[in-house]
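**Q** here is a sequence together with a model predicted from it:
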Amino acid sequence: MVTEVKLLVINGPNINFLGIREKSVYGTQDYDCLLQMIAQKGQQENCTIEVFQSNHEGAIIDRIQDSYFDGTEGIVINPGAYTHYSYAIRDALSSVTVPKVEIHISNIMEREDFRKVSVTAPACDKQIYGEGLQGYLMAIDHILAMTAR
């Protein structure tokens, strides 16, 4: 019998303000819309997907570390602004050996110069950006393909 895949989606600072912040950059769909999209994807793919959001670096690190022990088989992470300077989150991601995909809603390569640098992406298997909220679903598909049994 094939067991259900357990995935973790981590959202960093300000992602909970989707639909409120910079609508011209991040769109008008709110955070609840993203949560519903992810829940529906989990149902379609018959997998368990936990979504965790925090505006605090330490909480994100704690959740990544907890994933080592709780059976998580893949991580999708949007580190938000931590992408560009959190070596602590990078180190936490490097500590877990499950497939990991970094996601960004906007096209970070067409924005300010500081956004083009990701210190966390090298700890991940793939980086997806500029696909809007659909990028989360693409990241989940990528991880499911990597964990195919």
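**A** Thanks, I have it. Residues are numbered from 1 along each chain as shown.

**Q** give me the contact list for the helix or strand of the chain with the lowest mean pLDDT.
**A** Among the helical and strand segments of the chain, the one scoring lowest on mean pLDDT, DSSP states H and E is helix 23-26, with a mean of 76. Contacts with helix 23-26, where a contact means Cβ atoms under 8 Å, 6 or more residues apart in numbering, come from 18-19, 105-106, 111. C-betas here are computed from N, CA, C, even on glycine.

**Q** just the C-alpha atoms of the next helix or strand after it, please, in CSV.
**A** Proceeding N to C from helix 23-26, the next assigned helix or strand is helix 31-45, under DSSP states H and E. Output in CSV follows, covering the C-alpha atoms of helix 31-45 (Å, rounded to 0.1, in the frame of the first residue of the first chain):
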residue,chain,number,x,y,z
TYR,A,31,-3.7,34.7,1.7
ASP,A,32,-6.9,32.6,2.2
CYS,A,33,-7.1,32.1,-1.6
LEU,A,34,-3.5,30.7,-1.5
LEU,A,35,-4.4,28.4,1.4
GLN,A,36,-7.5,27.2,-0.5
MET,A,37,-5.4,26.5,-3.7
ILE,A,38,-2.9,24.5,-1.7
ALA,A,39,-5.6,22.5,0.2
GLN,A,40,-7.3,21.7,-3.1
LYS,A,41,-4.0,20.6,-4.6
GLY,A,42,-3.4,18.3,-1.6
GLN,A,43,-6.8,16.7,-2.2
GLN,A,44,-6.2,16.3,-5.9
GLU,A,45,-2.9,14.7,-5.4
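
**Q** report the contact partners of residue 35.
**A** residue 51.
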